[in-house]
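K.L.:
show me the folded form of this:
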Amino acid sequence: MGMMVVLAMTIIQRALGFFRGIWFCRLMDDTVVGGWAMAFDFIIMITPVMLFGMPGSLPRYVETYRQQGHLRSLVRRLLITSIACGGIFLTAMVAFPDFFSWLIFLDANNRSLTHSVAVGVLSIIAFNFVHQLVSSLRQIRIGSLMQFLQSVLFTVIGVAWLMTGGGLEGLILSFAVASLIAILPGAWILWRGWGGLPASDSPFDAPSMWRRLLPYAAALWTMNLLSNLFEMSDRYMILHFTGGGEQVGQAAVGQYHSGRIFPVLLISLATMISGVLLPYLSADWESGHREAVVERLRKILAAVSVIFTVGSATVLLIAPWLFANLLQNRYADGLALMPMAFVFYIWSSLATIGQDYLWVSERGKLVGLAITVGLIVNVILNTLLLPTLGLQGAVIATLCSHAVVLTGVWIAMARCGFRFDLAMILITLLPATLLLGPVTALICMMLTIAASSQLKAWLVEGVDIGVAKLARRNRELQFKL
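P.N.:
Numbers count the residues shown, from 1 in each chain. The predicted structure follows:
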């Protein structure tokens, strides 16, 4: 029952995020949307990097030190370290607002926006620390409630603010307020249970703790840095390499943001699937059932490729109507780039799920290598294509860089024993058919399944499992009645 509640809150949260994105684009012009996209990305992605992975270490070590009776000492030191790192960074933002304003908005004379971003960073530091600690203590429902409240409150406050004529600074502060209020359930559960934590009579060995924690935090920090640089590089390249000044650059980012509203939902789902799948793959791997890991992952990757491609084609069929009515025909460039955005987000989804194999086989560093190569390709191609092709060139560069990352993940998986055959090649190429149009993509999907006996067998197996589960659920309902 608890997991169903968590799942329901997650689904509602994703729906609210989609609704919020549509209304933000509807209530703001593309220049302001671009400014908001840059501010939000900076707040979310800079936080784990500037804290050097310290709060991210909590899920790994909370249970260890709780059993030893030293959890209070661990949390106290990580909290002090996080406050110190955050304080240094925020001091830099206040001391050098012109630089950060130029970095985030390409406008060196907007200090008030920079100060708003600093408040947003402070709020997300507090939210992430409490959320990580609550989740590490296996209070999953409380952690999900925090995220749910943050999403609901920001949607309500943010949309209300914009509908009353508010601007970008207030929108950023609305996010900060929503994040701080959403901390309350986690803070309450921690305050209530803190006194009941086991306490040890032995002294706490702080040097030993740091020797154990710092390598893990450093590895986590490196992955966060690479992933966030790769994720943010396209927007920053668009902002800083699009000619015409900050207004043109922010408008281009706004158009790019509108074209990602639908596709970004796919990577959100893939991240959730990856997180749910990893413990099961780890259990099979540690039990010696490594072939079962390969087969399960192959089936899931095939299902994700087919379902995401069909869903994307369906959205592309109705996208012109959606952009005309919901977004008032103000984001033509976003509509034009959407097919490519769907392709590279499906590829990113496949890489996100596929890399679970590298983590369970303890080859996670190869993921970082693939992302590094993709980042280099993205920067080089953006540098070459943006001045001549504009926004279209940036999207092409991002598409190619995601293809490089996915190829790197596939090669790493194959070298670690994953079976890569014709079926895997087909599910890799299938999303690219969206570039030929949604109808063509749907036809290619059917032809792909018809041409591969492996894919047909998986499809039949999936249908049989679904029918069996539906029949069992109907019998259970009839029995209850």
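
K.L.:
name the SS class of Phe262, please.
P.N.:
Using DSSP: H, G, I helix; E, B strand; the rest coil, the structure places Phe262 in coil.

K.L.:
I'd like to know how many residues surround the closest residue to it other than its chain neighbours.
P.N.:
Nearest non-adjacent residue to Phe262, counting by CB to CB, 6 or more residues apart in numbering: Val315, 5.1 Å away. For every residue, glycine as well, the C-beta is placed using N, CA and C. When neighbours are defined as other CB atoms under 10 Å, Val315 has 18 of them.

K.L.:
how is this structure carved up into domains?
P.N.:
1-192, 216-470 (automatic domain parsing).

K.L.:
circling back to that earlier point, the residue nearest to Phe262 sits in which helix or strand?
P.N.:
For Val315, the enclosing helix or strand under DSSP states H and E is helix 290-325.

K.L.:
go through that helix and flag the buried ones.
P.N.:
Buried residues in helix 290-325, counted by 16 or more other CB atoms under 10 Å: 290, 293-294, 296-306, 308-313, 315-316, 319, 323.

K.L.:
can you give me the strands for the protein?
P.N.:
In the chain, no segments count as strands under DSSP state E.

K.L.:
so can I have CSV of the domains of the chain showing mean pLDDT and distance to Pro198?
P.N.:
As requested, these are exported to CSV (pLDDT from 0 to 100; distance: least, CB to CB, whole Å):
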stretch, mean pLDDT, distance to Pro198
domain 1-192, 88, 5
domain 216-470, 89, 23
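
K.L.:
CSV for these, including distance to Pro207?
P.N.:
Formatted as CSV, the domains of the chain follow (distance: least, CB to CB, whole Å):
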stretch, distance to Pro207
domain 1-192, 11
domain 216-470, 15
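
K.L.:
count of neighbours near the residue lying closest to Val253 once chain neighbours are set aside?
P.N.:
Nearest residue to Val253, sequence neighbours excluded (CB to CB, 6+ apart): Gly34, at 3.4 Å. Burial measure for Gly34: 29 neighbouring residues, criterion other CB under 10 Å.

K.L.:
Thr10 now?
P.N.:
17.

K.L.:
if I look at it, how far off is Val395?
P.N.:
29 Å (CB to CB, to the nearest Å).

K.L.:
residues touching the residue lying closest to Gln147 once chain neighbours are set aside, list them.
P.N.:
Among residues not flanking Gln147 along the chain, Gln13 sits closest, at 6.2 Å (CB to CB, 6+ apart). Shown in contact with Gln13 (CB atoms under 8 Å, 6 or more residues apart in numbering): Gln147, Phe148, Ser151, Val152.

K.L.:
so which of those is the closest to Met223?
P.N.:
Gln147 (21.4 Å; CB to CB).

K.L.:
ok, now which ones touch the closest one?
P.N.:
Met9, Gln13, His131, Ala182.

K.L.:
how about Leu79: what's its closest non-neighbour residue?
P.N.:
Distance criterion CB to CB, 6+ apart; nearest residue to Leu79, sequence neighbours excluded, is Phe129 at 6.9 Å.

K.L.:
what about the one you found, neighbour count?
P.N.:
Neighbours around Phe129, by other CB under 10 Å: 23.

K.L.:
so how far is Ala292 from the closest residue to His257 other than its chain neighbours?
P.N.:
With sequence-adjacent residues excluded and distances taken as CB to CB, 6+ apart, His257 is closest to Ala37, at 4.2 Å. According to CB to CB, Ala37 and Ala292 sit 42 Å apart.

K.L.:
report the separation between the closest residue to Gly245 other than its chain neighbours and Leu337.
P.N.:
Spatially, and ignoring its direct neighbours in sequence, Gly245 is nearest to Leu106 (7.5 Å; CB to CB, 6+ apart). From Leu106 across to Leu337, the span is 20 Å (CB to CB).

K.L.:
now do Asn228
P.N.:
Relative to Leu337, and taking CB to CB, Asn228 is found at 22 Å.

K.L.:
same check on Phe96?
P.N.:
Applying CB to CB to Phe96 and Leu337 gives a distance of 34 Å.

K.L.:
comparing those two, which residue is more hemmed in?
P.N.:
Shown here are Phe96 and Leu337; by other CB under 10 Å, Leu337 has more neighbours (24 against 13).

K.L.:
please report how far the residue nearest to Leu79 lies from Ala178.
P.N.:
From Phe129 to Ala178 the distance is 16 Å (CB to CB).

K.L.:
before we move on, the earlier item: which residues are in contact with the residue nearest to Leu79?
P.N.:
Counted by CB under 8 Å, 6+ apart, Phe129 has contacts Pro55, Leu79, Ser82.

K.L.:
quick one: contacts for the first one?
P.N.:
Under the criterion of CB under 8 Å, 6+ apart, the contact list for Pro55 reads Pro48, Leu78, Ser82, Asn128, Phe129, Gln132, Leu133.

K.L.:
rewinding a little: ok, of the contacts of Gln13, which one's closest to Leu277?
P.N.:
For the contacts of Gln13, the nearest to Leu277 is Gln147 (19.8 Å; CB to CB).

K.L.:
how much space separates the closest one from Ile12?
P.N.:
From Gln147 to Ile12 the distance is 11 Å (CB to CB).

K.L.:
number of nearby residues for the residue lying closest to Ile125 once chain neighbours are set aside?
P.N.:
Nearest non-adjacent residue to Ile125, counting by CB to CB, 6+ apart: Gly86, 4.8 Å away. When neighbours are counted by other CB under 10 Å, Gly86 registers 20.
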